[in-house]
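# The following comprises the amino acid sequence and a computationally predicted model.
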Number of protein chains: 2
Amino acid sequence: MNRINTLFGIQYPLVQAGMIWCSGWELASAVSNAGGLGLIGAGSMYPDILRQQLQKCREATDKPFGVNIPLLYPEVEKLMELVLEFRVPIVFTSAGNPKTWTPKLKDAGIRVVHVVSSSTFARKAEEAGCDAVVAEGFEAGGHNGREETTTMCLIPLVSRAVGIPVIAAGGIGSGRAMLAAMVLGAEGVQVGSRFVATEESSAHQAFKKQVIQAKEGDTLLTLKELTPVRLLRNPFFDEVMEAYRRGADREELAALLGRGRAKKGMFEGDLESGELEIGQVSAGIRDIIPAAEVVRQMLAEFRSAKASLDESGFSF
Amino acid sequence: MNRINTLFGIQYPLVQAGMIWCSGWELASAVSNAGGLGLIGAGSMYPDILRQQLQKCREATDKPFGVNIPLLYPEVEKLMELVLEFRVPIVFTSAGNPKTWTPKLKDAGIRVVHVVSSSTFARKAEEAGCDAVVAEGFEAGGHNGREETTTMCLIPLVSRAVGIPVIAAGGIGSGRAMLAAMVLGAEGVQVGSRFVATEESSAHQAFKKQVIQAKEGDTLLTLKELTPVRLLRNPFFDEVMEAYRRGADREELAALLGRGRAKKGMFEGDLESGELEIGQVSAGIRDIIPAAEVVRQMLAEFRSAKASLDESGFSF
């Protein structure tokens, strides 16, 4: 028995991260149909867009799917109303206090998972009544914790700190990494970057192509004075570095970032002036494939890595 | 068969990192006697000190042991002469070009391993004739790569890039992490921080006590303009942060760091003004125990983690 499979009613404990601008109904339904858990990333959607997305996702799959909602979203109540109206069975929350919404969602029979970057926040999520936590390491794309704890170090610490199941995120784009995360104490994995480079991802084609060309060292965690975020190097990223070199303060950085950078980069494909959020694991991603193929490949590699442990020289 | 065991003639593919100020003959011989590979960290030793250390280590164990030599060490020739004179069977090199010394050491029948932080450097080490590489992730203590690639992301990339065996380092202080690293493609692990907090480590007792009290987020990679180094937060670390806030340039940072900070902190136990190098994994280390007990515990946990994979719910 795997507690994550049971909790969500899914076949494989493989969650597709609900990422802004990249994960709409097409990606979420494809992953759910393939036996994982697809999440609609509502953080980049107006409420009426989320309504359309939920309708289409419901039509596209009869499997469980979920929605990721950043709790700092300005009109978070409207998103939550839609979740309740559509009886979405699973909600992942991030970037905010899990106490605010978890009890209300739980009362409606919804499974609630909160994304954390430390044991301290994991314990708070457990106390708030969450059913599981996503523990996300430093290598993950997009917004990230201030402690900079990597997946390798974070998963054992969080698994020890809480009794609810832990879903590992950050650096997981292959079956080997999935197995490694579970060896470290996770009971499931959340995969972001690998699903950005899929046919069903709503990321702009130009951004997808950039992702599969990324090399080691091409992403860095930056803008730590605002909210730490892992970005792919591009001319906008260079502007940020230049601002640091001239000693820019918090206000200047915020002004430079401005608004709409993420949409511009990831959704509209402006690789020059847009913000491109992706994880370190992009250095190992080389093709744009269907989401179901990602699930199939990861599970196949997971099984063969597990089987080869027994035949390997690891017996001492 | 495990290629690392065969290469070094050891029982377990568990290498104790050759760390400055922390790993003298007592630690190295204890680890080698316990079935792992102990390394003397020569980076903090004058040549005559290394001579004494080699003599004592030879007396304390008849098992293979090695020496870690940073190639940027000012009198590196003198250290290498001692290695040849004492017929040390294994040399780990770091911080420099592996082409310079690898052929000479290999000609003398010495096994040579180079420490890298990227696939590019791993390939260069292989081309230089190294027998293996240590691939060290962002979470590791002390000096670190500029790419900031974490162990979870680095090991699969390096394993794919080279044909020689890969030893994983960074974030590995438990048997679970050891197994995870091997699932990711490593054939052995190098463990640093966990061995700092041992009875045989030459670290100052005050530093050891600080290590076992470290929590998540208590270490950060800093001084990136000089050489990136992961330090434990302390008053000296705060001074560095303060220098950054006032926009200090490279020269000011170098002046602030000065000379002898690492010795002061780690060897002399000056927790206020010394530099304390330790990895993120310190957040999971809670006791100071004999080095042989570290080896025993890690292997026991490795075996049980491996066995429990078969009984677990990971069959899908």
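Cool, got the structure. Everything quoted here is computed from the prediction, not taken from an experiment.
# Check the burial of A:Y46 by counting its neighbours.
12 (other CB atoms under 10 Å in any protein chain shown). Any C-beta I mention is one placed from the backbone N, CA and C, and that applies to glycine too.
# and the gap between it and A:P74?
Distance of A:Y46 to A:P74, given as CB to CB, to the nearest Å: 10 Å.
# Tell me if stretch A:152-163 is near chain B.
Yes. If you take CB under 8 Å from any CB of the partner chain as the test, stretch A:152-163 does meet chain B, through A:152-154, A:156-157, A:160.
# just stretch A:58-76 next, same as before
No. Stretch A:58-76 lies out of reach of chain B by CB under 8 Å from any CB, never closer than 15.0 Å.
# show me the contacts for the residue nearest to A:V281 when sequence neighbours are not counted.
With CB to CB, 6 or more residues apart in numbering or on different chains as the criterion, A:V281 has its nearest non-adjacent residue at 4.1 Å, and that residue is A:G173. Going by CB atoms under 8 Å, 6 or more residues apart in numbering or on different chains, A:G173 touches A:191, A:193-194, A:279, A:281-282, A:284-285, A:298.
# picking that back up, buried subset of the residues of stretch A:152-163 next to chain B?
Buried members of the residues of stretch A:152-163 next to chain B, scored by 16 or more other CB atoms under 10 Å in any protein chain shown, are A:152-154, A:156-157.
# Do a quick rundown of the helices in the stretch 1-150 of chain A.
A:3-8, A:25-33, A:47-60, A:76-85, A:102-107, A:119-127 (DSSP state H, counting those that start in this stretch).
# Would you convert the ones you listed into a markdown table that also reports mean pLDDT?
Converted to a markdown table, these look like this (pLDDT from 0 to 100):
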| stretch | mean pLDDT |
| --- | --- |
| helix A:3-8 | 97 |
| helix A:25-33 | 98 |
| helix A:47-60 | 98 |
| helix A:76-85 | 98 |
| helix A:102-107 | 98 |
| helix A:119-127 | 98 |
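# So for the residue nearest to A:V281, what's the pLDDT?
A:G173 carries a pLDDT score of 98 in this model.
# Same check on A:Y244?
A:Y244 is given a pLDDT of 89.
# does it sit in a helix, a strand or a coil?
helix (DSSP: H, G, I helix; E, B strand; the rest coil).
# Quick check: residues of the stretch 101-250 of chain A near chain B?
Checking the stretch 101-250 of chain A against chain B by CB under 8 Å from any CB, the hits are A:118-120, A:137-139, A:146-154, A:156-157, A:160, A:170-172, A:174, A:176-177, A:179-185, A:187, A:216-217, A:220-221, A:247.
# Sitting in helices, which of these do you find?
A:119-120, A:151-154, A:156-157, A:160, A:176-177, A:179-183 (DSSP state H).
# which one among those gets closest to A:E200?
Here the nearest of those to A:E200, counting by CB to CB, is A:A177; it sits at 21.3 Å.
# Tell me which residues touch the residue in the stretch 201-316 of chain A positioned nearest to chain B, please.
The nearest approach of the stretch 201-316 of chain A to chain B comes at A:G217, 3.2 Å away (CB to the nearest CB). A:G217 is in contact with A:283, B:118, B:146-149, counting by CB under 8 Å, 6+ apart.
# Against B:E148, how distant is it?
For A:G217, the distance to B:E148 - CB to CB - is 7 Å.
# do the same with A:M178
In terms of CB to CB, A:M178 sits 23 Å off from B:E148.
# Over to A:R111?
34 Å.
# can you pull the contacts of A:V158?
Listed by CB under 8 Å, 6+ apart, the contact partners of A:V158 are A:116, A:118-119, A:122, A:133, A:135, A:166, A:185.
# Pull the contacting residues for the closest residue to A:I172 other than its chain neighbours.
Using CB to CB, 6+ apart and skipping the chain neighbours, the partner closest in space to A:I172 is A:V189 (4.8 Å). The contact partners of A:V189, by CB under 8 Å, 6+ apart, come to A:13-15, A:167-169, A:172, A:177-178, A:181-182.
# pLDDT below threshold where in chain A?
Applying pLDDT under 70 to chain A flags the ranges A:1, A:312-313.
# ok, which stretches of chain A are strands?
A:14-16, A:38-41, A:65-70, A:90-94, A:111-116, A:132-136, A:142-143, A:166-169, A:188-191, A:219-222, A:229-232 (DSSP state E).
# helices and strands around the fifth one, which ones?
Contact partners of strand A:111-116 among helices and strands, from 3 or more CB pairs under 8 Å, 6 or more residues apart in numbering or on different chains; DSSP states H and E: strand A:90-94, helix A:102-107, helix A:119-127, strand A:132-136.
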